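# I need the structure of the sequence given here:
(chains A and B)
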There are 2 protein chains.
Amino acid sequence: MKFKIEALDPKSKARAGEVTTDHGVIETPIFMPVGTMGTVKGVHQRELKEDINPDIILSNTYHLYLRPKTDVLEAAGGLHKFMNWDKPILTDSGGYQVYSLSGRRKIKEEGVKFKSHIDGSYHFFSPESVMEIQRKIGADIIMAFDECTPYPCDYNYAKRSMHMTHRWLNRCINHLEKTPEIYDYKQTFFPIVQGSTYTDLRKQSAEYIANAGAEGNAIGGLSVGEPAEEMYAMTDVVCSILPEDKPRYLMGVGTPINILENIALGVDMFDCVMPTRNARNGMLFTSEGHINIKNKKWEKDFSPVDPAGITWVDTEYSKAYLRHLFVSNEFLGKQIATIHNLGFYLWLVREARKHILAGDFREWKDRMVKQMDNRL
Amino acid sequence: MKFKIEALDPKSKARAGEVTTDHGVIETPIFMPVGTMGTVKGVHQRELKEDINPDIILSNTYHLYLRPKTDVLEAAGGLHKFMNWDKPILTDSGGYQVYSLSGRRKIKEEGVKFKSHIDGSYHFFSPESVMEIQRKIGADIIMAFDECTPYPCDYNYAKRSMHMTHRWLNRCINHLEKTPEIYDYKQTFFPIVQGSTYTDLRKQSAEYIANAGAEGNAIGGLSVGEPAEEMYAMTDVVCSILPEDKPRYLMGVGTPINILENIALGVDMFDCVMPTRNARNGMLFTSEGHINIKNKKWEKDFSPVDPAGITWVDTEYSKAYLRHLFVSNEFLGKQIATIHNLGFYLWLVREARKHILAGDFREWKDRMVKQMDNRL
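Numbering: from 1, shown residues only, chains lettered A, B, ... in the order given. Reported below is the predicted structural model:
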């Protein structure tokens, strides 16, 4: 993997860059649509490629491990071939997923014992097993196994957990060295900064992670319920320590506004279920603000879904028709809203990139942040 | 509406024809995908037009009347504009739908009182109100309000019901004359033959319907549970009486084999929820037989969904991937299977048409009927 910075914004810490993987180039800042089960829910691969066109998507180790299971992915020749997606993929490590299974998992130094949400069967994830699973899934970027702490989190718990995440990182790195890639392309490993919302822990963790000398670095444990200002404060501290010449990935973030603010702090990569999950509930993001399409006010509004027309669905369908689909629980509604929202998120990061390259990102960002807060 | 017969099969009663409407030409035999709520479930209008490409689709008066409601469709300028579909549409009359609400509807000479399946509210459909609703929906072909009898059906009930359907037909025709079209294109009215599985009633009804002198005629009350042989016997009797120079529409039929056998008996138009509904349950129709894609046997079968490759989904995705989507209850699975099945049904009727034009329909049909009965 190579990373090249192309431009720095003069009035913020935003950067425009280019990550090169064996499956193609990722222009940053980038938003990665979430394809939990090897599918971006409701979106055909053709639409993803031709209409939404993200340079990279994300998939989840925990979910793929349970279904279709690792042996099926290995028999397919990896996730790219299995799902017919030939551009870059990133997999999370399952750390966040097992953390979400609270009450159904037990975290120990050795690893995490958890109960499958599907059939209640018991499984065990360790830094070592997760590296092996991610080799078999075969994503271009694979993540360290970490513990994601909740918010709020007791200082002592956060500190102990952070140290364990650091020890787990060493185990990941050691085991990865002994576990060769099984497909004919390179995989890049990203470690993860933890430390909850404590500045001293975040500093300590960022230094530890920076010292690991990985090709890219991630910030975890944010967007778990803390106020946005705390998130930005943590990102700011961490970005000031993580190496400038490596891409920075802020995991699980966030709203369009969160994304712009974090780009301004030096983040290059994002993922979040928000555009896809909210789409399925009838919430549309637009550059003018957000829309609850189920609202009665759209019943006879035959204007396009979004006059900005970022993706074809925006002008193919009217608000009234989309509302009808949601009110009738027709799944075409979810499909349309998902394409719309992902199209918007990708438009947003591409616009951000353009403005960084043009040198006027900060002004544009400040304007957008105000405008996107509206409810239409 | 114009109808032109282009070819007659020498060894069966199959015909190839062309129906011309203000929204375009329908080449027959044709299968009409069902878009109950103004959406073919899980299929974008773009995919319907570019990939499946039916000359006409069907929508349901009962459902559209309840949601989005007639006033919304009228404000939109009709269903074509509301759903953004500029090719022909046929609407059923709601007769079959209210019949399906057994226990929640009361049929009288005046019409049918029924309880909405959505909110339990009471509504009343009469031949007159249904004509007005269909004017407002604005389909190119609109259907008479009839009573669809169940199977099996007591002879006396079937006879009384048939006579009421005939009286309702007169009321439909009278009221339609007084209710002008409200959009800038013509609507064509089809009456419906009833008579359950009784040859004498079917003959009597077909004669009554033929005498109405409509531009096209429909056969209702079949595919409600009777053995295929009884269905074919009834179709045969009715087609021998209905005028040859008008299109014949067999409502709600059926399996690929049913369609081919009824084409051989002189039917021109079909609709059925089977390709779409079965798709959503993981059943795929192919020219070699049908597939239950949820079956364990496809778990590591990375061959294309259907090597015949009728629509792009057939070669874009593997059987193993499609199985994974179904097992994981991911709705992309339903989307893929729906496009596949509709693509197959449309391929089937287009092939039938080609073979009628080539004069070898009967031989081809006999071969296909054997082959499609397999379970793969």
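
# How about residue A:253: what's its closest non-neighbour residue?
Of all residues not flanking residue A:253 in the chain, residue A:223 sits nearest, at 4.6 Å (Cβ to Cβ, 6 or more residues apart in numbering or on different chains). Where you see a C-beta, it was placed from the backbone N, CA and C, and this is true even at glycine.

# Quick check: that neighbour touching residue A:254?
Yes: in this structure residue A:223 lies within contact range of residue A:254 using Cβ atoms under 8 Å: 5.1 Å.

# Give the residues shared as contacts by these two.
Each of A:231, A:272 lies in contact with both residue A:223 and residue A:254 under the rule Cβ atoms under 8 Å, 6 or more residues apart in numbering or on different chains.

# Tell me who's in contact with the residue in the stretch 151-300 of chain A positioned nearest to chain B.
Across the stretch 151-300 of chain A, the shortest distance to chain B (Cβ to the nearest Cβ) belongs to residue A:300, at 4.9 Å. Applying Cβ under 8 Å, 6+ apart to residue A:300 gives the contacts A:320, B:72, B:75, B:76.

# Quick one: list the elements packing against whichever strand or helix holds the second one.
Put plainly, it is residue B:72. Residue B:72 belongs to helix B:70-76 when assigned by DSSP states H and E. Counting contacts by 3 or more Cβ pairs under 8 Å, 6 or more residues apart in numbering or on different chains; DSSP states H and E, helix B:70-76 packs against helix A:319-327, helix B:79-83, helix B:127-137.

# Now tabulate those helices in TSV and tack on mean neighbour count.
Conversion of the helices and strands packed on helix B:70-76 to TSV gives the following (neighbours: other Cβ atoms under 10 Å in any protein chain shown):
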stretch	mean neighbour count
helix A:319-327	24
helix B:79-83	23
helix B:127-137	23
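
# Quick check: phi and psi at whichever residue of the stretch 1-150 of chain A sits closest to chain B.
Residue nearest to chain B within the stretch 1-150 of chain A: residue A:68 (4.2 Å; Cβ to the nearest Cβ). Dihedral pair for residue A:68: phi -80, psi 0, per degrees, to the nearest 10.

# One more: residue A:313?
In terms of degrees, to the nearest 10, the main-chain angles of residue A:313 are phi -60, psi -30.

# contacting residues around it?
By Cβ under 8 Å, 6+ apart, the contact set of residue A:313 is A:51, A:305, A:336, A:339, A:340, A:343, B:44.

# Within range of chain B, give me the residues from chain A.
Selection of chain A residues close to chain B by Cβ under 8 Å from any Cβ of the partner chain yields A:37-39, A:41-46, A:67-68, A:72, A:75-76, A:81-84, A:299-300, A:302, A:312-313, A:316-318, A:320-321, A:323-325, A:327-328, A:330-332, A:334-336.

# what's the pLDDT at the residue positioned nearest the centre of chain A?
In chain A, the residue lying closest to the centroid (Cα atoms, centre = their mean) is residue A:271, at 1.7 Å. We have a pLDDT of 98 for residue A:271.

# Across the sheet, point out what pairs with it.
residue A:32 (DSSP bridges).

# quick one: it and residue A:30, what's the gap?
Distance, residue A:271 to residue A:30, using Cβ to Cβ, to the nearest Å: 9 Å.

# now do residue A:106
35 Å.

# Residue A:101 too?
Distance of residue A:101 to residue A:30, computed by Cβ to Cβ: 28 Å.

# Give me the more crowded residue out of the two.
residue A:30 (23 against 14; other Cβ atoms under 10 Å in any protein chain shown).

# helix, strand or coil for residue A:285?
Of the three states, residue A:285 takes strand according to DSSP: H, G, I helix; E, B strand; the rest coil.

# Which pLDDT value goes with the closest residue to it other than its chain neighbours?
In this structure, residue A:285 finds its nearest non-sequential neighbour in residue A:344, 5.0 Å apart by Cβ to Cβ, 6+ apart. Predicted confidence (pLDDT) for residue A:344: 98.

# Which helix or strand contains residue A:344?
Using DSSP H and E, residue A:344 sits within helix A:331-358.

# going on from that helix, what's the next piece of helix or strand?
Scanning onward from helix A:331-358 (DSSP H and E), the first element met is helix A:361-371.

# I'd like to know which elements that next one is packed against.
Using 3+ Cβ pairs under 8 Å, 6+ apart, the elements in contact with helix A:361-371 are helix A:256-264, helix A:331-358.

# if I pick the closest residue in space to residue A:84 that isn't next to it in sequence, what's in contact with it?
If the residues on either side of it in the chain are set aside, residue A:84 comes closest to residue A:45, at 5.4 Å by Cβ to Cβ, 6+ apart. By Cβ under 8 Å, 6+ apart, the contact set of residue A:45 is A:83, A:84, A:85, B:316, B:317.

# Save the residues you listed as TSV, and put in pLDDT and distance to residue A:153 too.
What follows is the contacts of residue A:45, written out as TSV (pLDDT from 0 to 100; distance: Cβ to Cβ, whole Å):
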residue	pLDDT	distance to residue A:153
A:83	98	35
A:84	98	40
A:85	98	36
B:316	97	44
B:317	98	42
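
# want to throw the residues you listed into a markdown table with distance to residue B:120?
What follows is these, written out as a markdown table (distance: Cβ to Cβ, whole Å):
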| residue | distance to residue B:120 |
| --- | --- |
| A:83 | 43 |
| A:84 | 45 |
| A:85 | 46 |
| B:316 | 43 |
| B:317 | 41 |
